[in-house]
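> Sequence and predicted model, in that order:
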Number of protein chains: 2
Amino acid sequence: MAGRIAAVSIVEAVAADLRTRIFAGELGSGESLTESQVASTYDVARPTAKASIEKLVAEGLLDRGTHKTARVVELGPDSVRDIYLARAYLESEVLRRLARTGDVPEAAVQANRDIAALQTGAPLDVVEPDMRFHTSLIDAVGNERISRMYRSLVGEVRLCMVRVQSLQLLDTALIQAEHQKILELIEAGQGEEAAGLLDEHLGRARERLVAAMGGTPGPEAEQPSGLLPQ
Amino acid sequence: MAGRIAAVSIVEAVAADLRTRIFAGELGSGESLTESQVASTYDVARPTAKASIEKLVAEGLLDRGTHKTARVVELGPDSVRDIYLARAYLESEVLRRLARTGDVPEAAVQANRDIAALQTGAPLDVVEPDMRFHTSLIDAVGNERISRMYRSLVGEVRLCMVRVQSLQLLDTALIQAEHQKILELIEAGQGEEAAGLLDEHLGRARERLVAAMGGTPGPEAEQPSGLLPQ
DNA sequence: CGCCCTATGATTGTCTAACAAGTACACATG
DNA sequence: CATGTGTACTTGTTAGACAATCATAGGGCG
């Protein structure tokens, strides 16, 4: 599917570029984005820029009040906990549901293979397949609205992942191993255990990120018992 | 719209009115809404009308593709099942979480009191407090993103509720009694049982609505065992 | 010297007007 | 009857403009 011509609207194109720039850290936390600024940057009309900005606000990547300039969101410890808890709500229930049928989505397997394949390289490279692993689990239940809800969270989740990886708070091998174990538990029909492991998986990332932000981390930040073979 | 000063933006005001008109059935399923139509109806500029329409599209109340006129969404049996399953995902997990602390949100109690109070009147009167009952449970977990996700579903849920009530598929007393029981189970810390009852509660509405739409209903559509005292 | 108030500039909300591009449907043609 | 064409309608985008609001820097006053 690498071909796929891009016949999207200008609004969407501008929004997409702003998105990648935010993820890349090019637009840092708290940075302000005026409508005219965006308009002149991409050489579009101001209403178009406005629409793009509003799109990103809806995604939670930008923040703005009436008559105030939009800013890149600043994630504090509270927001991070909020985001990860919301993830856990959706994802753990999804795992239980998937385990009931024992169906392991192929896309998730592939995503985890991709993680395993990139032993070397920049830490940020893991973000994309990691994100894909989790979204493909969500999509596997085949519920349009659930996917839509998760998607409204994905922007912020990704922002957190970028942080976690830039700070090197997690070992890639551990991520991959836990993903693997989750898939195995699903296949074995052990939904509750899969959900529990996911909670650990997310909890560790969450609390380490909180700690790195100056908050007081919970006990979840500690090393896992013994999942890694070596 | 008596009382309540309107200090919101024009876009929001137009969107709000369209929303109520959709809920009231004044704008039926499949009805088309042209940008210029909306613009002239409310005497606003077309870009303003456009923004309002896009807002409702994001809420799932309107449907539209690029370069195509927006239409009021048409809910088929598949969509109804999709919507109710998504609800169940969020709400059942919320009940488990609430049961863990035994906290019964006051707003939910009040909402159910309001349902009990309206023994008489139009069937549609139950929609608002019913909706409020469920949203207040969601909001009770105090997670901003979860509330946001649920809100992205609320429009469609409400549309379903309006249908259920117009067709008189459920007895108000039964709704109220099941809500009551759910609250009691939360207080007793029996999360799993509360979630189970909710599943029944939602499943019945769902399958009866599906049946009324010409789909083949599942077994959940049947009468409940014996919750009603008389 | 510090604080409150005002004035100025910047920014957003909304409007009018317009053109380009795409869609849908009736119509004519083979 | 199938197919192509044309016309009217609708949306996407732009430009420019004005009012309302917000932020900030000065000036007046205690």
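That came through fine.
> and the closest residue to A:Glu178 other than its chain neighbours, how many neighbours does it have?
Computed as CB to CB, 6 or more residues apart in numbering or on different chains, the closest residue to A:Glu178 that is not its neighbour in sequence is A:His201, at 4.8 Å. Backbone N, C-alpha and C define where each C-beta goes, glycine included. With neighbours defined by other CB atoms under 10 Å in any protein chain shown, the count for A:His201 comes to 23.
> helix or strand for A:His201, which one?
helix A:191-212 (DSSP states H and E).
> now A:Arg71
strand A:70-72.
> helix or strand right after that strand?
Strand A:70-72 is succeeded, C-terminally, by helix A:77-101 (DSSP H and E).
> Moving C-terminal from that following helix, which element do we reach first?
Per DSSP H and E, the first helix or strand lying C-terminal to helix A:77-101 is helix A:106-117.
> Report the next helix or strand after that following helix in sequence order.
Helix A:106-117 is succeeded, C-terminally, by helix A:127-139 (DSSP H and E).
> which helices and strands does the very next helix or strand once past that following helix pack with?
As assigned by DSSP H and E, the chain's next helix or strand after helix A:127-139 is helix A:144-166. Based on contacts counted as 3 or more CB pairs under 8 Å, 6 or more residues apart in numbering or on different chains; DSSP states H and E, the elements that helix A:144-166 packs against are helix A:10-23, helix A:46-59, helix A:77-101, helix A:127-139, helix A:191-212, helix B:77-101, helix B:144-166.
> can you redo these as a markdown table with mean pLDDT and distance to B:Asp125?
What follows is these, written out as a markdown table (pLDDT from 0 to 100; distance: least, CB to CB, whole Å):
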| stretch | mean pLDDT | distance to B:Asp125 |
| --- | --- | --- |
| helix A:10-23 | 93 | 41 |
| helix A:46-59 | 92 | 32 |
| helix A:77-101 | 94 | 32 |
| helix A:127-139 | 96 | 37 |
| helix A:191-212 | 94 | 39 |
| helix B:77-101 | 94 | 21 |
| helix B:144-166 | 94 | 8 |
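> Which phi and psi values does the residue in chain A sticking out farthest from the centre adopt?
Taking CA atoms, centre = their mean, the residue of chain A most remote from its mean C-alpha position is A:Ala45, at 30.9 Å. With angles defined as degrees, to the nearest 10, A:Ala45 sits at phi -80, psi 160.
> Can you give me the pLDDT of the closest residue in space to it that isn't next to it in sequence?
Distances taken as CB to CB, 6+ apart put A:Ala39 closest to A:Ala45, at 6.3 Å, once the chain neighbours are dropped. According to the prediction, A:Ala39 has pLDDT 92.
> Specify the angle between the host helix or strand of A:Ala39 and helix A:46-59 in degrees.
Assigned by DSSP H and E, A:Ala39 belongs to helix A:35-42. Computed by axes from the mean of the first three to the mean of the last three CA atoms, to 10 degrees, the angle separating helix A:35-42 from helix A:46-59 equals 110 degrees.
> Quick check: buried residues in helix A:35-42?
A:Glu35, A:Val38, A:Ala39, A:Tyr42 (16 or more other CB atoms under 10 Å in any protein chain shown).
> on contacts alone, who are the packing partners of that helix?
With contacts defined as 3+ CB pairs under 8 Å, 6+ apart, helix A:35-42 has these neighbours: helix A:10-23, helix A:46-59.
> does DNA strand D sit close to the last one?
Yes - for helix A:46-59, a contact with DNA strand D is found by CB under 7 Å from any atom of the strand, at A:Arg46, A:Pro47, A:Thr48.
> Mind giving me the packing neighbours of that helix?
If contacts are counted by 3+ CB pairs under 8 Å, 6+ apart, helix A:46-59 sits against helix A:10-23, helix A:35-42, strand A:62-63, strand A:70-72, helix A:144-166, helix B:46-59.
> starting at the chain centroid, how far to the last one?
For helix B:46-59, the distance between its averaged C-alpha position and the chain's averaged C-alpha position is 21 Å (CA atoms, centre = their mean, to the nearest Å).
> Then the longest one?
Relative to its chain's centre, helix A:144-166 lies at 3 Å (CA atoms, centre = their mean).
> ok and that helix relative to helix A:127-139, angle-wise?
Inter-element angle recorded for helix A:144-166 and helix A:127-139: 160 degrees (by the same axes, to 10 degrees).
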